[in-house]
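Novice: sequence unknown, structure follows:
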Ligand SMILES: Nc1nc2c(ncn2[C@@H]2O[C@H](COP(=O)(O)OP(=O)(O)O)[C@@H](O)[C@H]2O)c(=O)[nH]1
Ligand SMILES: [Mg+2]
């Protein structure tokens, strides 16, 4: 594959910043090595500034998703829009998605892209009947469309949908809800006061729903921030967006605690994401949190969230919760600090380093960028879905 | 971009306390009426709630994901009351496992259909059924709103059919438009009517209640209103 230096494009000025220049050179080196150095690309996608410009993203995103750009799915057939159960909903949502397109874009061009967006979504759905469209999916697809163009976007989104987004595309949102259940335990680990306040307010986690299922594409108005986050999420474990959500809430702890302690006030505050977040700081914080409190450590707590909230928890949840010998609320309150200390101690002990090559690559991305412990990530990544690792981390 | 953002349906800027009265801070314990707005996707739930809380039709709306929240403080018979509107996603998958939590402690329900879309009218029994499942009390005031009456030539749901349906379910019917600029006060009047109705009942929850359980008296015989 011939290597061409990217032409400067609208996103990220091609200034004389030597750090950026160096990074760019490293990325091109990783791309041109044989085989392509995906581990290095992953690291670049996570570390400061991410993949810098769309021109680079077009080259690197396919590598992060292990999509072969030489072998893209054929263009959609004539019948794409007929007999598609989701067509009406997709149409309604795409028509209303004006905000996702660059502000100065001429209407005609935008309308053309909206048509492509509809086709891209429908094509993935048609090829994967097990996937179900959700409102917000269009916010993800539009990001890929704007960066890599229709054909490649369809291929990337297809891979993403059968992996990272798989849980959101079930017939029901039960699994999505389960992922949201990780939010409060993460917050609890870092700021128990904030956690308790939010629990008292009974705010729930729906304020973070659109963050999670659109990878923040629905709520951030500056496209540069959106693609920067996509660099990060594409290089990481599929649960990373929920860690990032937790980091945003933690970042706003003071504001939250100053709120009236009721569902409406807290939901309202949190659902309005500030547009001037310190993204780079939050990204490395999310990475650190992930390493310190990997999903496997939080799984029990997350299951408990569910059990506490719903009157009739499923048998599975019950089993998980009772394995923990959950004390009643009062005891829990009283011994929470001790419990937490014990659990931390346990988490340090329980390490089953079933390392394999695939996961190590993901780990390196995190460790090199963030300088944190690797074992926890290895472990949790393996526990998440071994099949997933095989397919995504070549 | 900032200007465009402000136009979007998101609840940005909407809950400035005092609604139309800048700088007014409601007392900490003003009463709150919590109203949930439900109906099919695209019938105009977001526009209606925006219209009431911000006083105008939003230039653009986006698909609502999960639950959005808007509020406005109003004055009813000299009492400051916060009206909270919970705007929900229309897509079925969100309702099943997500929206449930937000039915809690609801004081009133607004069902919305699109007068130019018969399917959205035919979905109403499902919405009513879902609502029954989530709400413990049966006697919560409910109203039916047919939206987009400005699109006169495209109307698919005749008023008499809608009225009959509303009667069967003991709800008042309002046909309105979130958009029509000549219809300025109508959306306002609908929500205010509801607020008056709520106020005339037993005291509702306060801002910081110890326990939010509220039981309302059975609704009075529904007033049938149509201003379109
Ligand atoms: N003509 C007209 N269009 C409306 C009215 N209310 C909403 N709309 C349009 O209907 C579409 C869906 O509105 P939205 O509030 O997002 O619907 P929701 O999915 O129920 O929240 C948007 O394109 C609105 O501009 C109305 O009263 N008249
Ligand atoms: Mg809406």
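Specialist: In hand now; what should we look at? Every value quoted in this text rests on a predicted model; they were computed, and no experiment measured them. Ligands and ions are numbered 1, 2, ... in the order given.
Novice: Enumerate every residue touching the closest residue to residue B:110 other than its chain neighbours.
Specialist: In this structure, residue B:110 finds its nearest non-sequential neighbour in residue B:37, 4.6 Å apart by Cβ to Cβ, 6 or more residues apart in numbering or on different chains. Placement of C-beta: from N, CA and C, glycine included. By Cβ atoms under 8 Å, 6 or more residues apart in numbering or on different chains, the contact set of residue B:37 is B:45, B:48, B:49, B:85, B:86, B:87, B:88, B:109, B:110, B:112.
Novice: please redo it, this time with the cut-off set to 10 Å
Specialist: Counting by Cβ atoms under 10 Å, 6 or more residues apart in numbering or on different chains, residue B:37 makes contact with B:43-46, B:48-49, B:52, B:64, B:68, B:70, B:85-88, B:108-112, B:145, B:191.
Novice: So which of these sit within helices?
Specialist: Members of the contacts of residue B:37 lying in helices (criterion: DSSP state H): B:45, B:46, B:48, B:49, B:52, B:191.
Novice: which SSE is residue 126 in?
Specialist: Answering for chain A, as no chain was given. For residue A:126, the host element (DSSP states H and E) is helix A:107-127.
Novice: oops, I was thinking of chain B
Specialist: Using DSSP H and E, residue B:126 falls within helix B:124-134.
Novice: Next, see if that helix gets close to ligand 1.
Specialist: No - using Cβ under 6 Å from any ligand atom, helix B:124-134 stays clear of ligand 1, coming no nearer than 11.9 Å.
Novice: how about that helix: buried residues?
Specialist: By neighbour count on 16 or more other Cβ atoms under 10 Å in any protein chain shown, the buried set for helix B:124-134 is B:124, B:127, B:128, B:130, B:131, B:134.
Novice: from these, which single one is nearest chain A?
Specialist: residue B:134 (12.9 Å; Cβ to the nearest Cβ).
Novice: And for the residue nearest to the closest one when sequence neighbours are not counted, the neighbour number?
Specialist: Nearest non-adjacent residue to residue B:134, counting by Cβ to Cβ, 6+ apart: residue B:103, 3.8 Å away. Residues lying near residue B:103 (other Cβ atoms under 10 Å in any protein chain shown) number 21.
Novice: Could you pick out the residues of the stretch 201-350 of chain A near chain B for me?
Specialist: Selection of the stretch 201-350 of chain A residues close to chain B by Cβ under 10 Å from any Cβ of the partner chain yields A:202-214, A:218-219, A:221-223, A:260-265, A:267-269, A:271-273, A:275, A:309-310.
Novice: re earlier: which one of the ones in helices among the contacts of residue B:37 has the most neighbours?
Specialist: When neighbours are counted by other Cβ under 10 Å, residue B:49 leads the ones in helices among the contacts of residue B:37 with 33 neighbours.
Novice: So for it, what's the pLDDT?
Specialist: Note for residue B:49: predicted pLDDT of 96.
Novice: That one and residue B:86 touch, don't they?
Specialist: Yes - if you go by Cβ atoms under 10 Å, residue B:49 and residue B:86 touch, sitting 8.4 Å apart.
Novice: residues in contact with residue B:97?
Specialist: A:172, A:173, A:174, A:175, A:176, A:177, A:178, A:180, A:310.
Novice: so what's the backbone phi/psi at the first one?
Specialist: Its backbone dihedrals place residue A:172 at phi -120, psi 170, with angles given as degrees, to the nearest 10.
Novice: Taking the ones in helices among the contacts of residue B:37 together, which two end up most distant?
Specialist: For the ones in helices among the contacts of residue B:37, the maximum inter-member distance is 14.5 Å, found between B:46 and B:191 (Cβ to Cβ).
Novice: Run through the residues of chain B sitting next to ligand 2.
Specialist: Contact residues, chain B versus ligand 2 (Cβ under 5 Å from the ion): B:45, B:46, B:64.
Novice: check those residues against chain A, which are close?
Specialist: Among these, the residues that sit close to chain A (Cβ under 10 Å from any Cβ) are B:46, B:64.
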